[in-house]
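Asks: coordinates for the following, if possible.
(2 chains)
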Amino acid sequence: DTGVSQNPRHKITKRGQNVTFRCDPISEHNRLYWYRQTLGQGPEFLTYFQNEAQLEKSRLLSDRFSAERPKGSFSTLEIQRTEQGDSAMYLCASSRPPGQGAGGYTFGSGTRLTVV
Amino acid sequence: DAKTTQPPSMDCAEGRAANLPCNHSTISGNEYVYWYRQIHSQGPQYIIHGLKNNETNEMASLIITEDRKSSTLILPHATLRDTAVYYCTDSWGKLQFGAGTQVVVTP
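Replies: Numbers count the residues shown, from 1 in each chain, chains lettered A, B, ... in the order given. As a prediction, the model looks like this:
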């Protein structure tokens, strides 16, 4: 098991373009989370899945953002019509559900998005 | 919104114990206390968690007060590599992070 993998590590895009990030969680983890982090702040929750079901979305997740986890394995986060305010580190994490021997989340190294 | 409060920064001398406090004013009965740390440009790293009892692992010790309204993370012998932002949170499921405590370990 190689942990949580996120691709790409860095993405520079022009304002107005669409971008998509991928997250491959730890295989036995059925929960997957997306967070966004800006400089000097802690990670902000965006959304999470249990298997393929998206169970919660933050109000931070505007209609330009969409996340999918079609087969309950990897997940994608798409941002349409990017804005400069979308520049941030996008973090993915996975875990077992609470109560099922859950330790903490395992985070990936993140995708750093820069919108120019 | 963050559910916990932590001091914004803390310095610690290398080799000494670092005691990081956290207040969990709204913690409920089934919520675990979690601690993570984040070294610059990396994703947060899980350190330890607990429910009611104190816990210890190879990285740190966790002390939880009897009323569970506060916790303390103890790094028993801080090294320069422990310089990081440390986050505490409490949760049953979704974790919410505040700004954390910036810990700087000095030689």
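
Asks: residue A:85 belongs to a helix?
Replies: Yes - according to DSSP: H, G, I helix; E, B strand; the rest coil, residue A:85 belongs to a helix.

Asks: please name the nearest non-neighbouring residue to it.
Replies: Spatially, and ignoring its direct neighbours in sequence, residue A:85 is nearest to residue A:115 (7.9 Å; CB to CB, 6 or more residues apart in numbering or on different chains). In this view, the C-beta of every residue, glycine as well, is placed from N, C-alpha and C.

Asks: likewise residue B:87?
Replies: Closest residue to residue B:87 apart from its sequence neighbours, by CB to CB, 6+ apart: residue B:100 at 4.2 Å.

Asks: can you pull the contacts of the residue nearest to residue A:85?
Replies: A:12, A:13, A:14, A:15, A:82, A:83, A:84, A:85, A:86, A:87 (CB atoms under 8 Å, 6 or more residues apart in numbering or on different chains).

Asks: just the buried ones from the residues you listed?
Replies: Taking 16 or more other CB atoms under 10 Å in any protein chain shown as the criterion, what is buried in the contacts of residue A:115 is A:13, A:82, A:86, A:87.

Asks: and the gap between the second one and residue B:34?
Replies: When you say that, I think you mean residue A:82. Relative to residue B:34, residue A:82 is positioned 32 Å away (CB to CB, to the nearest Å).

Asks: what's the answer for the first one, then?
Replies: For residue A:13, the distance to residue B:34 under the criterion CB to CB works out to 33 Å.

Asks: now do the last one
Replies: Taking CB to CB as the criterion, residue A:87 is separated from residue B:34 by 28 Å.

Asks: wait, residue A:37 touches residue A:87, no?
Replies: No - using CB atoms under 8 Å as the test, residue A:37 is too far from residue A:87 to be in contact (11.1 Å).

Asks: ranges for the strands of the chain?
Replies: Looking at chain A here, since you left the chain open. Listed in chain order, the strands of chain A (DSSP state E) span A:5-7, A:10-13, A:19-24, A:31-37, A:44-50, A:53-57, A:65-68, A:75-79, A:88-95, A:106-107, A:111-115.

Asks: sorry, should have said chain B
Replies: Using DSSP E, the strands of chain B run over B:9-13, B:18-23, B:32-38, B:45-50, B:55-56, B:61-64, B:70-75, B:84-91, B:101-106.

Asks: just put those strands in a markdown table and tack on mean neighbour count.
Replies: Supplementary listing: these in a markdown table, determined by neighbours: other CB atoms under 10 Å in any protein chain shown:
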| stretch | mean neighbour count |
| --- | --- |
| strand B:9-13 | 14 |
| strand B:18-23 | 19 |
| strand B:32-38 | 24 |
| strand B:45-50 | 19 |
| strand B:55-56 | 14 |
| strand B:61-64 | 20 |
| strand B:70-75 | 20 |
| strand B:84-91 | 24 |
| strand B:101-106 | 17 |
